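K.L.:
Just need the structure, nothing else, for what follows:
(chains A, B, C and D)
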2 protein chains.
Amino acid sequence: MLEFLRHIETIYPISSKSEEALVAISKEHEYKKGTNVQDIGHTCKTIYFVKSGVVRVYYYKDAIDITESFEFENAFVARAESLFTGKPSQKAIEAIEDTTMIAIDSYRLFNLFDNHPDLERLFRKIIESSYVSTVQRIESLQFNTAEERYKSLLKASPNVLKRIPLKYIASYLGITQVSLSRIRGAK
Amino acid sequence: MLEFLRHIETIYPISSKSEEALVAISKEHEYKKGTNVQDIGHTCKTIYFVKSGVVRVYYYKDAIDITESFEFENAFVARAESLFTGKPSQKAIEAIEDTTMIAIDSYRLFNLFDNHPDLERLFRKIIESSYVSTVQRIESLQFNTAEERYKSLLKASPNVLKRIPLKYIASYLGITQVSLSRIRGAK
DNA sequence: GTAACTATTTATCATATGATAAATTCAATC
DNA sequence: GATTGAATTTATCATATGATAAATAGTTAC
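P.N.:
Next up, the predicted model:
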């Protein structure tokens, strides 16, 4: 749990009482490569923190597997559209490597907010930065070519390329696996 | 200000003291059709609430005007990437119709959060739902065709079509104006 | 109400990406 | 370490969308 608390401190430092309360509703879990952390159709009641490994969020469009996002060490993952609305999610979370995650019970977390305003602030800030990166992603999908998107991903997160199968990267970029391969080949 | 407070109540009801504090840092402004509410290069220190009218957020890519989003009555607008990072924004906000907005001073708002946790919760919820819609927009840009995107926009917000010039809708959908015209014509 | 300007449509041609299939490389399992 | 299956690349053809230009429709300002 120490890494978890250390990472949180870089976002927004919270009191030791709040730390204790947060730890009390959090549990560490391990997932083998290739297994689902959460399944499609399940209502999201957990916010995860990736301690080690990588996960992806994916869904199906016309029976085709589409990767919505990746999350590496020291990042939070949840299926916001289900977490914040209470509806079943159309997405799944899968471990791409053997992954250790810290699972935070969202129901109990939201209840903590009443007596721990610093926790609410922490999670507000987490959502804020997720929001900012999501908006940037829209810009990239709106008018950049597939090649531009690939190159800026490569520049921004070279580790993605090293640790993630290309087929997942392709759908993340909004193109087919074959197209991505062609773009890489073109040099 | 009444509509403003009434709308807020539908998101998360706040105490009357918090209402007062919020009103104290908010001001009503009017913008003529076609004028910029905020310019490119300006650091965003204001959160706007659209009372009447429509605005769009836009930026330039290779000297081409791209509309990132529209906001109608009873919606909040801000340039998050600047507001939350303190950096100058690469985007502008423009009134598409004569528009009345309520401008909330973000610096003073964030300071209020310490003594008004209900205000912080309100704005956390506002960001949460913005985040959810942004993620849905990514899905639509990731693997839907231009025609699918146009049709679902038409279905989801028929008023967009009525009140927004097509050239703005085109770039919002990630296509050129000419392509959008073709898609509409194809019928 | 006309002139000037802007928005939208239509047409033509070019190109990036999709779809499909096959070949190759890589990885996992016994 | 050979076999099997999965991931990636390569090739071919089809198509949606881009780029450009010109025509038409609609709006604004005097």
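K.L.:
pLDDT at the spatially most central residue of chain A, what is it?
P.N.:
Centroid-nearest residue in chain A: A:V77, 3.4 Å away (criterion: C-alpha atoms, centre = their mean). Listed pLDDT for A:V77 reads 97.
K.L.:
cool, and the one 4 residues further on?
P.N.:
What the model reports as pLDDT for A:E81 is 94.
K.L.:
just A:S26 next, same as before
P.N.:
Here the pLDDT value assigned to A:S26 is 98.
K.L.:
partner residues bridging it?
P.N.:
Counting by DSSP bridges, A:S26 is bridged to A:I104.
K.L.:
What parts of chain A come near DNA strand C?
P.N.:
Within chain A, the residues that sit near DNA strand C (C-beta under 7 Å from any atom of the strand) are A:145-147, A:174-176, A:178-179, A:182-183. Heads up, the C-betas are built off the backbone N, CA and C, glycines and all.
K.L.:
For the buried ones among these, write the corresponding PyMOL selection.
P.N.:
Those of the residues of chain A next to DNA strand C that count as buried under 16 or more other C-beta atoms under 10 Å in any protein chain shown are selected in PyMOL with:
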select buried, chain A and resi 146+147+174+175+183
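K.L.:
of all the residues of chain A next to DNA strand C, which comes closest to B:A63?
P.N.:
Set against B:A63, the nearest of these by C-beta to C-beta is A:T145 (16.7 Å).
K.L.:
Report the separation between the closest one and chain B.
P.N.:
As defined by C-beta to the nearest C-beta, to the nearest Å, A:T145 lies at a distance of 11 Å from chain B.
K.L.:
just A:P165 next, same as before
P.N.:
18 Å.
K.L.:
repeat for A:I11
P.N.:
Applying C-beta to the nearest C-beta, one obtains 12 Å for the distance of A:I11 from chain B.
K.L.:
And A:L5, by the same measure?
P.N.:
Taking C-beta to the nearest C-beta, one finds A:L5 at 21 Å from chain B.
K.L.:
Secondary structure class of A:E128, three-state.
P.N.:
helix (DSSP: H, G, I helix; E, B strand; the rest coil).
K.L.:
burial of it, as a residue count?
P.N.:
19 (other C-beta atoms under 10 Å in any protein chain shown).
K.L.:
low-scoring pLDDT stretches of chain A, where are they?
P.N.:
Applying pLDDT under 70 to chain A picks out residues A:187.
K.L.:
Can you show me the helices along it?
P.N.:
A:2-11, A:16-24, A:80-83, A:106-112, A:117-143, A:146-156, A:158-163, A:166-173, A:177-186 (DSSP state H).
K.L.:
Adding distance to B:I127 as columns, could you present the ones you listed in CSV?
P.N.:
Converted to CSV, the helices of chain A look like this (distance: least, C-beta to C-beta, whole Å):
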stretch, distance to B:I127
helix A:2-11, 15
helix A:16-24, 20
helix A:80-83, 11
helix A:106-112, 15
helix A:117-143, 5
helix A:146-156, 23
helix A:158-163, 26
helix A:166-173, 24
helix A:177-186, 33
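K.L.:
Minimum distance to A:R56: which of these has it?
P.N.:
With C-beta to C-beta as the yardstick, what comes closest out of the helices of chain A is helix A:166-173 (5.9 Å).
K.L.:
Show me what that closest one is packed against.
P.N.:
In terms of contacts (3 or more C-beta pairs under 8 Å, 6 or more residues apart in numbering or on different chains; DSSP states H and E), helix A:166-173 is packed against strand A:55-61, strand A:64-71, helix A:146-156, helix A:177-186.
K.L.:
okay, the angle between that helix and helix B:117-143?
P.N.:
In terms of direction (axes from the mean of the first three to the mean of the last three C-alpha atoms, to 10 degrees), helix A:166-173 departs from helix B:117-143 by 110 degrees.
K.L.:
hang on, the earlier thing: for A:D118, find the nearest of the helices and strands packed on helix A:166-173.
P.N.:
strand A:64-71 (24.0 Å).
K.L.:
Please compute how far the closest one lies from its chain's middle.
P.N.:
10 Å (C-alpha atoms, centre = their mean, to the nearest Å).
K.L.:
What residues does chain A have near chain B?
P.N.:
Residues of chain A found near chain B (C-beta under 8 Å from any C-beta of the partner chain) are A:59, A:61, A:64, A:66, A:68, A:80-81, A:84-85, A:113, A:117, A:120-121, A:123-124, A:127-132, A:134-139, A:141-143, A:171, A:174.
K.L.:
Pull out the buried residues from those.
P.N.:
Buried by 16+ other C-beta under 10 Å: A:59, A:66, A:68, A:80-81, A:84, A:113, A:117, A:120-121, A:123-124, A:127-128, A:130-132, A:134-135, A:137-139, A:141-143, A:171, A:174, out of those.
K.L.:
related to what we said a few turns ago, for the residues of chain A next to DNA strand C, which one is nearest DNA strand D?
P.N.:
A:V178 (4.0 Å; C-beta to the nearest atom of the strand).
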